[in-house]
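Enquirer: With the input below, show me the fold.
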Amino acid sequence: MSLTRHFNRGRDLARSAGDFASDMFAPLTVIGRGLRAHADWARGRWAATPKDHRGPTLFLSAAILTGIYLLPHGPLVALIALMASAAWVGRAPRAAPAAPRPDVADVKLTALYAALTPYLGGLDEPCPLYSLGGHYRSAFSAWEFDAEGRLTDLDLAYPAYFTDTEPTARARIEQVIQGKAGRAREYRFDWDEESNRLRVTTLAPLPTDIAAQPFVTTPGEIVLGFTDELGSHRTIPVHRGGGTSQQPPVIWRTGPRSAEPHLLALGTAGQGTSTLIRSIALQALPYGDLMLIDGAGTGEHACLVNRPGVHTVETSLHGALAALEWAAGETERRIAALNTARHHGVTPPEDVTRPLWLLLDHPTELSELAHAEGRLDPQDLLEVPLRQGRAARVTVVIADDLQARDRLSATVWATTRARVVLGPAGADLAQLALGVPLDIAPAAQMPPGRGYARLGTAAPVRLQVPATVDPLDEEAPAGLRDAVIALLPHRDTGAGAASPEAPATAPAQTPAPAEAAVDGGPVAGSVVELTKDAASVRPRPVW
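Expert: The predicted structure follows:
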């Protein structure tokens with residue numbers, strides 16, 4: 001114990017002596033550190049001086065030192081200045097230089113190259129583009145990263161034996177690239193089959209702050225939404241963010257000369273199919289009449305009740321069957337009137353040429369209810385408007401859930417040549433909905449109203465539906481609600497108020513839907529009317 005005590009005491013004395021010496025020689029340590037920094041600086045400057053400038057530099061330095069030596073007290077003042085400068089520079093130890101950050105291309109492209117090697121590498125090739133332990137520069141020719149270090153553009157080569165004509169093989173490569181580059185963004189894949197090259201481009205997000213507004217279009221043109229510059233050759237002025245900007249729209253042309261007379265929109269829950277229905281209704285009302293069937297029964301289209309030009313807004317199965325039976329008869333009547341006018345060489349009457357829109361939101365819900373009750377499927381009544389609607393100026397728009405695609409009738413699939421899919425459906429479901437594979441990898445998460453559109457045989461384009469909220473939804477932003485209210489036709493509250501039985505825009509020759517019957521008897525449906533001023537609910541008869 002005595003030996004341990006003496007050892008600890010000696011260690012404490014040594015530590016105290018070391019601390020005392022460190023404090024005493026601290027100024028000399030600081031000055032020495034500063035002189036070493038000055039010497040390093042001088043060596044660096046000398047090494048950076050060109051050889052042809054070193055002679056004049058030495059002569060100038062010698063002249064300055066001689067001048068300082070000849071001045072009174074010059075050497076002393078120079079020594080004091082040197083010590084002060086050294087003390088200032090050496091007051092704190094120099095931090096070690098930070099290790100250079102690794103090149104983002106070396107890190108991310110190496111990982112991407114290794115991920116593609118199992119799919120694009122060949123074991124029997126003498127000089128393979130993709131091989132274990134290879135370098136990405138052998139296959140990647142150009143790339144770009146943004147300020148955040150995310151991949152924005154990539155140009156790569158692939159072997160000639162890769163089956164780039166098979167959608168499954170392409171989808172596998174696109175999935176690998178999107179997984180390594182980030183699933184939060186959309187990517188366009190341009191496959192050059194002749195040169196065996198693939199160009200990957202990151203797509204900028206589409207604007208989501210475009211509200212419902214009067215768009216600069218001609219009668220018969222419907223703005224489904226907005227896309228990027230590659231998806232449209234046309235721009236229209238749009239009010240956005242307190243100003244006006246030019247945006248490329250997705251235009252759907254309807255009418256007797258349209259190649260895509262009817263529209264089918266599919267999407268996941270909460271992704272904007274009902275918003276698309278409201279947007280189309282607001283654009284169609286100034287030039288035609290419409291009939292809306294809300295199969296989901298959510299009341300999201302109650303703002304259209306009793307509006308001029310709106311025949312009815314139905315939520316019940318009985319009312320929907322009666323309305324669709326009347327629409328089928330109206331289509332046949334229009335066809336007969338048009339044929340008669342052409343036969344006699346006269347102008348068709350106005351009630352025949354005025355467009356009629358049938359808007360159906362989630363009709364498969366009513367189909368299931370009809371099957372349960374043993375009644376006629378509402379989709380069967382759509383066959384006449386769908387097949388003969390183009391000639392009769394009748395346009396059908398159907399919006400439904402993507403998971404209910406199998407419950408849509410074959411006639412709906414065959415006659416709706418304009419397609420829209422909203423939400424993160426995935427490449428497989430998007431191909432089923434649009435009819436062709438996408439050359440764009442959808443993002444994992446999408447804002448409401450985001451999706452893709454395909455008109456006829458054209459290639460699919462990106463789509464962002466205008467924010468057309470339910471004006472009776474108190475949780476929606478007030479600015480968006482006011483924008484929709486401004487587009488709604490004002491209700492006529494006078495003595496000659498329009499009624500669903502005889503709309504203000506409907507001609508007198510139009511057969512009254514009250515005569516429609518389902519299963520041999522008249523049906524009295526009802527619709528729930530909500531007013532903007534008060535959230536009152538009152539049923540009113542439809543037929």
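Enquirer: need the helices for the stretch 101-250 of the chain, in chain order.
Expert: For the stretch 101-250 of the chain, applying DSSP state H, counting those that start in this stretch gives helices covering 104-120, 167-181.
Enquirer: and residue 275, that's in a strand?
Expert: No - per DSSP: H, G, I helix; E, B strand; the rest coil, residue 275 lies outside any strand segment and is helix.
Enquirer: got the contact list for it?
Expert: Contacts for residue 275 were tallied using CB atoms under 8 Å, 6 or more residues apart in numbering; they are 448, 449, 465, 466, 467, 468, 469. The way it works is simple: take the backbone N, C-alpha and C, and place the C-beta from them, glycine included.
Enquirer: top of those residues by neighbour count?
Expert: Among these, the one with the most neighbours (other CB atoms under 10 Å) is residue 465, at 32 neighbours.
Enquirer: For the closest residue to that residue other than its chain neighbours, give its distance to residue 142.
Expert: Excluding its sequence neighbours, the residue lying closest to residue 465 (CB to CB, 6 or more residues apart in numbering) is residue 449, at 3.7 Å. Look at residue 449 and residue 142: by CB to CB, to the nearest Å, they are 34 Å apart.
Enquirer: Please go through the protein and pick out the longest helix.
Expert: Counting by DSSP state H, the longest helix found in the chain is helix 317-344.
Enquirer: Quick one: distance of that one to the chain centre.
Expert: Centre-to-centre, helix 317-344 and its host chain are 39 Å apart (CA atoms, centre = their mean, to the nearest Å).
Enquirer: show me where pLDDT drops low in the protein?
Expert: 1-26, 92-99, 123, 492-543 (pLDDT under 70).
Enquirer: out of the helices of the stretch 101-250 of the chain, which comes closest to residue 89?
Expert: helix 104-120 (35.3 Å; CB to CB).
Enquirer: Let me know the angle separating that closest one from helix 167-181.
Expert: Comparing the axes of helix 104-120 and helix 167-181 via axes from the mean of the first three to the mean of the last three CA atoms, to 10 degrees yields an angle of 160 degrees.
Enquirer: in helix 104-120, what's buried?
Expert: 105, 108, 109, 112, 113, 114, 116, 117, 120 (16 or more other CB atoms under 10 Å).
Enquirer: Dump those residues to JSON lines, plus distance to residue 352.
Expert: As requested, the buried residues of helix 104-120 are arranged in JSON lines below (distance: CB to CB, whole Å):
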{"residue": "105", "distance to residue 352": "65"}
{"residue": "108", "distance to residue 352": "63"}
{"residue": "109", "distance to residue 352": "64"}
{"residue": "112", "distance to residue 352": "61"}
{"residue": "113", "distance to residue 352": "65"}
{"residue": "114", "distance to residue 352": "66"}
{"residue": "116", "distance to residue 352": "60"}
{"residue": "117", "distance to residue 352": "65"}
{"residue": "120", "distance to residue 352": "60"}
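Enquirer: for the stretch 101-250 of the chain, what spans make up the strands?
Expert: Assigned by DSSP state E, counting those that start in this stretch, the stretch 101-250 of the chain shows strands spanning 140-145, 151-157, 186-192, 197-203, 221-226, 236-240, 243-247, 249-253.
Enquirer: quick one, which of those is packed in tightest?
Expert: Mean neighbours per residue, mean count of other CB atoms under 10 Å, is largest over the strands of the stretch 101-250 of the chain for strand 221-226, with a mean of 23.
Enquirer: Using CSV, please lay out the strands of the stretch 101-250 of the chain together with distance to residue 377.
Expert: Shown next, in CSV, are those (distance: least, CB to CB, whole Å):
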stretch, distance to residue 377
strand 140-145, 53
strand 151-157, 49
strand 186-192, 37
strand 197-203, 40
strand 221-226, 27
strand 236-240, 39
strand 243-247, 40
strand 249-253, 27
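Enquirer: closest one to residue 356 among those strands?
Expert: Closest among the strands of the stretch 101-250 of the chain, using CB to CB: strand 221-226, at 14.5 Å.
Enquirer: How far away from the center of its chain is the closest one?
Expert: Going by CA atoms, centre = their mean, where strand 221-226 is centred and where its chain is centred differ by 16 Å.
Enquirer: what do you get for stretch 29-36?
Expert: On CA atoms, centre = their mean, the centre of stretch 29-36 falls 60 Å from that of its chain.
Enquirer: Just the C-alphas of that stretch, formatted as CSV.
Expert: Presented in CSV, the C-alpha positions along stretch 29-36 are these (Å, rounded to 0.1, in the frame of the first residue of the first chain):
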residue,chain,number,x,y,z
THR,A,29,4.3,27.1,-28.5
VAL,A,30,1.9,29.6,-30.1
ILE,A,31,4.7,31.6,-31.7
GLY,A,32,6.4,28.5,-33.0
ARG,A,33,3.1,27.3,-34.5
GLY,A,34,2.7,30.7,-36.2
LEU,A,35,6.2,30.7,-37.5
ARG,A,36,5.7,27.2,-39.0
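Enquirer: Can you add distance to residue 223 and give the helices of the stretch 101-250 of the chain back as TSV?
Expert: Output for those, formatted as TSV (distance: least, CB to CB, whole Å):
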stretch	distance to residue 223
helix 104-120	38
helix 167-181	30
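Enquirer: who wins for proximity to residue 412 among the strands of the stretch 101-250 of the chain?
Expert: strand 249-253 (16.9 Å).
Enquirer: Give me the sheet partners of the closest one and which way each runs.
Expert: According to DSSP bridges, strand 249-253 forms sheet pairs with strand 221-226 (antiparallel).
Enquirer: How much space separates the closest residue in space to residue 240 that isn't next to it in sequence from residue 340?
Expert: Distance criterion CB to CB, 6+ apart; nearest residue to residue 240, sequence neighbours excluded, is residue 210 at 5.4 Å. Applying CB to CB, the value for residue 210 to residue 340 is 44 Å.
Enquirer: The two: which has the busier surroundings?
Expert: residue 210 (24 against 13).
Enquirer: measure that one to residue 221 for me?
Expert: Distance from residue 210 to residue 221, by CB to CB: 17 Å.
Enquirer: same check, this time on residue 244
Expert: For residue 244, the distance to residue 221 (CB to CB) stands at 20 Å.
Enquirer: do the same with residue 114
Expert: Residue 114 is 50 Å from residue 221, by CB to CB.
Enquirer: Please identify the buried residues of the longest helix of the chain?
Expert: Here helix 317-344 shows 317-331, 333-335, 337-338 as buried, counting by 16+ other CB under 10 Å.
Enquirer: Got phi/psi on residue 456?
Expert: In terms of degrees, to the nearest 10, the main-chain angles of residue 456 are phi 70, psi -130.
Enquirer: what's the burial count for it?
Expert: 12.
Enquirer: Which residues are in contact with residue 57?
Expert: residue 49.
Enquirer: before we move on, what about residue 439?
Expert: Contacts of residue 439 by CB under 8 Å, 6+ apart are 188, 189, 190, 191, 459, 460.
Enquirer: Throw those residues into a markdown table and include distance to residue 179, thanks.
Expert: Formatted as a markdown table, the contacts of residue 439 follow (distance: CB to CB, whole Å):
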| residue | distance to residue 179 |
| --- | --- |
| 188 | 16 |
| 189 | 14 |
| 190 | 19 |
| 191 | 18 |
| 459 | 25 |
| 460 | 22 |
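Enquirer: For residue 83, state which of these is nearest.
Expert: Nearest member of the contacts of residue 439 to residue 83, counting by CB to CB, is residue 188, at 66.1 Å.
Enquirer: and the residue nearest to the closest one when sequence neighbours are not counted, bridged to which residues?
Expert: The spatial neighbour of residue 188 that comes closest, neighbours along the chain excluded (CB to CB, 6+ apart), is residue 201 at 4.7 Å. Beta-bridge pairing for residue 201 (DSSP bridges): residue 153, residue 188.
Enquirer: Can you give me the distance of residue 201 to residue 489?
Expert: Residue 201 is 43 Å from residue 489, by CB to CB.
Enquirer: can I get the CA coordinates of stretch 143-152 in PDB?
Expert: What follows is stretch 143-152 as a C-alpha-only set of coordinates in PDB (Å, rounded to 0.1, in the frame of the first residue of the first chain):
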ATOM      1  CA  TRP A 143     -25.500  11.600 -66.500                       C
ATOM      2  CA  GLU A 144     -26.600  14.600 -64.500                       C
ATOM      3  CA  PHE A 145     -27.300  15.200 -60.900                       C
ATOM      4  CA  ASP A 146     -29.200  18.100 -59.300                       C
ATOM      5  CA  ALA A 147     -28.000  20.300 -56.400                       C
ATOM      6  CA  GLU A 148     -29.400  17.700 -53.900                       C
ATOM      7  CA  GLY A 149     -27.400  14.900 -55.400                       C
ATOM      8  CA  ARG A 150     -30.400  13.200 -57.100                       C
ATOM      9  CA  LEU A 151     -30.100  11.700 -60.500                       C
ATOM     10  CA  THR A 152     -31.900  13.700 -63.200                       C
END
